[in-house]
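Need the 3D shape of this:
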Amino acid sequence: MNRPKIICHMETSLDGKIMGKYLWLPGKEGVEDSFGVILKRYDYQAQLLGRTTIDDNFTLYKKPEVNEKAPPVPEGDFLAEGAKLGQYLIAIDSHGRLAWEDNVSESDGKKAHIVEILTESTANSYKDFLRRKGISYLICGKDQVDLTVVCGKIKDVLHVDTLILGGGAVLNWSFLQAELVDEVSQVIAPAADGSTETQTLFMAKKGLSNDQPMLFTPLSVEIMADDAVWIRWKVDGKSDIDFDGDPEFHAVQEMVREHRGE
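Residues are numbered from 1 along each chain as shown. Predicted structure coming up:
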């Protein structure tokens, strides 16, 4: 399929968490955080984030000011004037919940036009809200976002050659399971907090993706100035082992469940 090169760039704790107390620890004095340093090394035109990640870092769980009586907007995709920037912050937001205040995001002096990924079932009032804000959107699926359509439109409509995928855990894993990721760029912080309630780098979600193991080949390892370890992984694809059809695997799983009293 016609799609951009996709690099999943994430920071994790030593125990694989992408959120938690460890993120609040002070870094080495006078040393720039390696996550941002590495991001600048990639020549990318867009970042793609999930709704929760956007709310955590940009829109802060505010409610969008929609007009429920807005007249019907034209069907299909919408490209606002700001799309000519050529740099994009793309949000997966099929239910139309993100309360953007502007149509541009700025980080490290780089401006990016905001683009929402919606579905045909997204409310007309929310699409009207985006149009009033000058925010572009792409329709990618009927009731649920179709990641293959997303990637195709990012390439063909937005003309993106390289895309940075930046979480959360469910979105990362869904892209991997759909075999749409070329490389994983993992920045491992020299810290951990042991929490059992925070997201890991990848997480399956029932109804969105299964937990078929993925295979990787390490491309490079680098110790950064802030003591983080940067590992680049080539994505080889799914394991071809049929766990669903393996009676020995299911027997072991059943034994474990009995031992736990489940």
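
I'd assumed Arg232 was in contact with Thr217.
No: applying CB atoms under 8 Å as the test, Thr217 and Arg232 come out as separate, 9.8 Å apart. All C-beta atoms are positioned from the backbone trio N, CA, C, and that covers glycine.

the more surrounded of those two?
Arg232 (18 against 9; other CB atoms under 10 Å).

who touches that one in this structure?
Residues near Arg232 by CB atoms under 8 Å, 6 or more residues apart in numbering: Glu183, Val184, Ser185, Gln186, Pro218, Leu219, Ser220, Val221.

out of these, who has the most neighbours?
Neighbour max across the contacts of Arg232 (other CB under 10 Å) = Val184, 24 neighbours.

So that residue, which state does it fall into?
strand (DSSP: H, G, I helix; E, B strand; the rest coil).

just to revisit the earlier point, quick one: which of the contacts of Arg232 is nearest to Asn57?
Set against Asn57, the nearest of the contacts of Arg232 by CB to CB is Ser185 (18.3 Å).

Can you check the pLDDT for that closest one?
The score at Ser185 is 98. That number is its pLDDT.

Give me the spatial nearest neighbour of it, chain neighbours excluded.
Among residues not flanking Ser185 along the chain, His9 sits closest, at 4.2 Å (CB to CB, 6 or more residues apart in numbering).

Pop out the phi and psi values for the closest residue to Ile241 other than its chain neighbours.
Sequence neighbours aside, Pro213 is the residue nearest to Ile241 in space, at 7.4 Å (criterion: CB to CB, 6+ apart). Here the main-chain torsion angles of Pro213 (degrees, to the nearest 10) amount to phi -60, psi 150.

just checking, Pro213 touches Gly237?
No: Pro213 lies out of contact with Gly237 (CB under 8 Å); the separation is 10.3 Å.

residues making contact with the host helix or strand of Phe249?
In the assignment (DSSP states H and E), Phe249 maps to helix 247-260. For helix 247-260, the surrounding residues in contact (CB under 8 Å, 6+ apart) are Phe243.

Output it as CSV, restricted to C-alpha atoms.
Extracted in CSV, the C-alpha atoms of helix 247-260 (Å, rounded to 0.1, in the frame of the first residue of the first chain):
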residue,chain,number,x,y,z
PRO,A,247,-3.7,-27.2,22.6
GLU,A,248,-0.5,-27.3,24.7
PHE,A,249,-0.5,-23.5,25.0
HIS,A,250,-4.2,-23.5,26.1
ALA,A,251,-3.5,-26.3,28.6
VAL,A,252,-0.7,-24.3,30.2
GLN,A,253,-3.0,-21.2,30.3
GLU,A,254,-5.7,-23.2,32.0
MET,A,255,-3.3,-24.6,34.6
VAL,A,256,-2.1,-21.1,35.4
ARG,A,257,-5.7,-19.8,35.8
GLU,A,258,-6.5,-22.7,38.1
HIS,A,259,-3.4,-22.0,40.2
ARG,A,260,-4.5,-18.4,40.6
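
circling back: report how many residues lie close to the residue nearest to Ile241.
9.

quick one, what contacts it?
The neighbours of Pro213, taking CB under 8 Å, 6+ apart as the test, are Lys238, Ser239, Ile241.

Most neighbours of all the residues you listed, which one?
Result: Lys238 is most packed of the contacts of Pro213 (other CB under 10 Å), 14 neighbours.
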